[in-house]
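1. sequence and predicted structure are below.
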Amino acid sequence: MLLKEVPIGGTCIVESMSLPFELERRLEALGMTTGTSVSVLNAKGKGIMIIKLRGTRFALGRNITGNIEVKEAAEDGE
């Protein structure tokens, strides 16, 4: 599933990113690495989102959220 498909209030785990090299490295420097938990705080339009990542809120555009593959987080706090 893509990050842009996660509903508001949902939590997911980052599996992979298919972004330009510089953008991918920047997101990794901010803490978005494989296996990281991401919570969706708000979503607007077609993929524009506000997420919570490692205790910090970020706004991401649809060109980014549409290229991040995620899986649902387990209910037991995986």
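-> Perfect, thanks for sending it.

2. separation between residue 48 and residue 33?
-> 22 Å (CB to CB, to the nearest Å). Where you see a C-beta, it was placed from the backbone N, CA and C, and this is true even at glycine.

3. so for those two, which sits in the more crowded spot?
-> Using other CB atoms under 10 Å as the criterion, residue 48 and residue 33 rank with residue 48 on top: 16 against 13.

4. hmm, the more buried one is touching residue 59, no?
-> Yes. Taking CB atoms under 8 Å as the definition, residue 48 is a contact partner of residue 59 at 7.4 Å.

5. buried residues in whichever helix in the chain runs longest?
-> Counting by DSSP state H, the longest helix found in the chain is helix 21-29. Judged by neighbour count using 16 or more other CB atoms under 10 Å, the buried positions of helix 21-29 are 24, 27.

6. can you list the buried residues in the helix or strand following that helix?
-> Later in the chain than helix 21-29, the nearest helix or strand by DSSP states H and E is strand 37-44. Neighbour-count burial for strand 37-44 flags 38, 39, 40, 43 (criterion: 16+ other CB under 10 Å).

7. what is the last one paired to in the beta sheet?
-> Applying DSSP bridges to residue 43 yields these beta-bridge partners: residue 49.

8. my understanding was that it contacts residue 8; is that so?
-> Yes. Counting by CB under 8 Å, residue 43 touches residue 8, with 5.4 Å between them.

9. just give the nearest non-adjacent residue to residue 58, would you?
-> The spatial neighbour of residue 58 that comes closest, neighbours along the chain excluded (CB to CB, 6 or more residues apart in numbering), is residue 51 at 5.4 Å.

10. just to revisit the earlier point, which residues touch the longest helix of the chain?
-> 17, 19, 64 (CB atoms under 8 Å, 6 or more residues apart in numbering).
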